[in-house]
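>>> just a sequence and a predicted model for now, questions to come.
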Protein chains: 2
Amino acid sequence: MKKALAVDVGGTKIYNTIINEKGEIVSEIEKTSTPKTYEELLAVFGQIISKYENDVDIIAFATAGAVNNENTKVIGSTGNLPLQYPTTNFQNLSRKFVFLENDANAAAWAEFKTGASKNMPYSIMLTLGTGVGGGIILDNKLFKGKNGAAGEMHFKMRCDKHRKCTCGAWDCFEAYASGTGLKKTAEEITNNPDITTYDVIKNLENPLMKKIFDSWQNDLINGIVGLANLFDPNVIVLSGSMAEFCDIKFIEEQANAQIVTTPFKVVKACAGNYSGMIGAALLAFEKYSKQAGN
Amino acid sequence: MKKALAVDVGGTKIYNTIINEKGEIVSEIEKTSTPKTYEELLAVFGQIISKYENDVDIIAFATAGAVNNENTKVIGSTGNLPLQYPTTNFQNLSRKFVFLENDANAAAWAEFKTGASKNMPYSIMLTLGTGVGGGIILDNKLFKGKNGAAGEMHFKMRCDKHRKCTCGAWDCFEAYASGTGLKKTAEEITNNPDITTYDVIKNLENPLMKKIFDSWQNDLINGIVGLANLFDPNVIVLSGSMAEFCDIKFIEEQANAQIVTTPFKVVKACAGNYSGMIGAALLAFEKYSKQAGN
């Protein structure tokens, strides 16, 4: 069975492991801090690749940032990664086939192939962490839009420039349905700038903290209603640290009560912490096998 | 060249004409009021079809309401049409091939094949009239979602239950970016419940009316930003009576300045008033020619 070296490139950590064609992790997970400079970043890639290149058939990156439709490079900005990162020629990093996909897209693909949205042709995955990541699968294919950047969960939750989003615009879904959004909601309700996401999550028996959490979850539901009306999906998959605290059944009921399209499911992701690497590897195997001679 | 009898079924009017394979209208446009009862509606369909059935190869309906992925029936509610309308077996209406598509979807397809979004693989059309219709084309195909209901422009513009939408939910894009939305915005800004859309549109040199219109257009821009971030489209096409008053270049500039995906165009529809019938006919010809023996 073919094997992929999978590398997850995030703003704070880089993970790598080896994954087989079934999407199974078949070696240790290795982890390192994401370096600050581009030269150091390339050096880390070089070390990982030279160590494992001979043991695998292909190399699959799950990365922060949008990835072009050819799966060869990062397009646009990538938050905490070095500015020059999008100039990287990934194929030059190895003599093996190199493939690249956005981490949230890759994770959505892992859920679709092996996890919570298995066999569902239309699914949307929301990764509720520090920010909100999105991955959209339509008609059994990863949806990327004209240039590969689609699936960004930056649609407005209000129009009066109330809360600034990390993207530079105002009042995006990400600024409300993320962990950071929960802190902001808590600040607004309590007038306490020092309150943390943790303060809320760990004290849900406290009526005020419950009220804050419910307000956050209501924003999440409102965003899900819009997505369901636009995409008429089979399922919306919730992943990320904040998904742990969500009342999935309640969200499903409330959202379905408000849509004009047809009923859909809400489920928790189950492909695990390394679903980005798994999804990237599975997508890479598909593309590799479509190329002549493989 | 093959010909289609095209029928546009709206809440107030029913239109019909004959359209050829190039999407050209080749007979008079006929118009009748939409009857109130289901029996009368079926009688109108019967009259139109019996009159033209022998002159055409296929029959194509552009209809209010969502249409299933098989293009055989209406699903869900259809506003001003009789309650039993979704139970209609359209194929039983004629011995010719009968095809059905949602009117906004059909109009988007006409723009894609013959109009403002020609040759653009990813486009979204917004029909800004009494309500807001939506048609989404992805990778050169009409996007319908799992059951055919996708493309409903009911995503939230705010989350505090401020403005009721015709769909029963609160604060949908339709409740802001429609002509009805403009009236509502005018009422809110002037505290005058009698102010009309017409009062605003016809007096844009008046600073207060201009302010109201700008507020409406800003809501439209905010919705477009979300759509562009979700879909990474080539183009967003604006049609319907309200599109006439939009500052297209301004909308394009403002929206592009706020997105995290890649640049897109905003254009005005140009396939004309009967684009719903044209699009339905063109889609119907495609489906008909794919069937064996045609």
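That came in fine, so what should we check first?
>>> what's around residue A:246, how many residues?
19 (other Cβ atoms under 10 Å in any protein chain shown). Every C-beta, even on glycine, is put in place using the N, C-alpha and C of the backbone.
>>> isn't it right next to residue A:217, touching?
Yes - in this structure, residue A:246 is within contact of residue A:217 by Cβ atoms under 8 Å, at 6.5 Å.
>>> residue A:242: what's it in contact with?
Residue A:242 makes contacts with A:128, A:129, A:177, A:178, A:179, A:182, as judged by Cβ atoms under 8 Å, 6 or more residues apart in numbering or on different chains.
>>> kindly report the same for residue A:271.
Contacts for residue A:271 (Cβ under 8 Å, 6+ apart) come out as A:107, A:110, A:111, A:114, A:115, A:116, A:278, A:279.
>>> and if we set it to 6 Å?
Contacts for residue A:271 were tallied using Cβ atoms under 6 Å, 6 or more residues apart in numbering or on different chains; they are A:110, A:111, A:114, A:115.
>>> quick one: the first one from residue A:240, how far?
So that's residue A:110. According to Cβ to Cβ, to the nearest Å, residue A:110 stands 14 Å off from residue A:240.
>>> neighbour count: those two, which is higher?
residue A:110 (32 against 22).
>>> residue A:280 is in contact with the more buried one, correct?
No - look at residue A:110 against residue A:280 with Cβ atoms under 6 Å: they stay out of range, at 8.4 Å.
>>> tell me what angle the longest helix seen in chain A forms with helix B:207-231.
If you go by DSSP state H, chain A has its longest helix at helix A:207-231. For helix A:207-231 against helix B:207-231, the angle by axes from the mean of the first three to the mean of the last three Cα atoms, to 10 degrees is 80 degrees.
>>> would you mind checking the average pLDDT for helix A:207-231?
For helix A:207-231, the mean per-residue pLDDT is 98.
>>> what does stretch A:65-77 give?
Stretch A:65-77 comes out at a mean pLDDT of 93.
>>> buried sites along that stretch?
Using 16 or more other Cβ atoms under 10 Å in any protein chain shown as the test for burial, stretch A:65-77 gives A:65, A:66, A:67, A:68, A:71, A:73, A:74, A:75, A:76.
>>> what's the span of it, first residue to last?
One end of stretch A:65-77 sits 6 Å from the other (Cα to Cα, to the nearest Å).
>>> tell me which residues are up against that stretch.
A:78, A:85, A:86, A:99, A:100, A:101, A:102, A:144, A:148, A:149.
>>> could you rerun that using 8 Å?
Stretch A:65-77 is contacted by residues A:63, A:78-79, A:81, A:85-86, A:88-91, A:98-102, A:105, A:144, A:147-149, A:152, A:283-284, A:287, B:260-262 when judged by Cβ under 8 Å, 6+ apart.
>>> narrow those residues to those in strands?
In this view, the contacts of stretch A:65-77 that belong to strands under DSSP state E are A:63, A:98, A:99, A:100, A:101, A:102.
>>> just the buried subset of the residues you listed, written out for PyMOL, thanks.
Those of these that count as buried under 16+ other Cβ under 10 Å are selected in PyMOL with:
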select buried, chain A and resi 63+98+99+100+101+102
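>>> closest to residue A:225 out of the contacts of residue A:242?
Distance to residue A:225 across those (Cβ to Cβ) is lowest for residue A:177, with 12.2 Å.
>>> what's the spacing between the closest one and chain B?
Distance, residue A:177 to chain B, by Cβ to the nearest Cβ, to the nearest Å: 11 Å.
>>> now do the contacts for that residue.
A:126, A:128, A:132, A:153, A:216, A:219, A:220, A:223, A:242.
>>> so where does the first one fall, helix or strand?
Taking DSSP states H and E as the definition, residue A:126 sits inside strand A:123-128.
>>> now do the helix or strand just after that strand against strand A:97-102, angle only.
Next along the chain after strand A:123-128, taking DSSP H and E as the criterion, comes strand A:132-138. Interaxial angle, strand A:132-138 versus strand A:97-102 (the same axes, to 10 degrees): 110 degrees.
>>> parallel or antiparallel, list what pairs with strand A:132-138.
Next to strand A:132-138 in the sheet, as set by DSSP bridges, lie strand A:123-128 (antiparallel), strand A:141-142 (antiparallel).
>>> so what's the spatially most central residue of chain A closest to, chain neighbours aside?
What sits nearest the mean C-alpha location of chain A, by Cα atoms, centre = their mean, is residue A:104, with 2.3 Å. Excluding its sequence neighbours, the residue lying closest to residue A:104 (Cβ to Cβ, 6 or more residues apart in numbering or on different chains) is residue A:133, at 3.2 Å.
>>> tell me what the one you found is bridged to.
residue A:127.
>>> neighbours of it, just the number please.
By the measure other Cβ under 10 Å, the count of residues near residue A:133 is 25.
>>> verify the stated contact: it with residue A:240.
Yes - counting by Cβ under 8 Å, residue A:133 does reach residue A:240; the two are 7.3 Å apart.
>>> anything in contact with each of the two?
Shared contacts of residue A:133 and residue A:240 (Cβ under 8 Å, 6+ apart): A:126, A:127.
>>> before we move on, the earlier item: give me the buried subset of the contacts of stretch A:65-77.
Buried, going by 16+ other Cβ under 10 Å: A:63, A:78, A:81, A:85-86, A:88, A:90, A:98-102, A:105, A:144, A:147-149, A:152, A:283-284, A:287, B:260-262, out of the contacts of stretch A:65-77.
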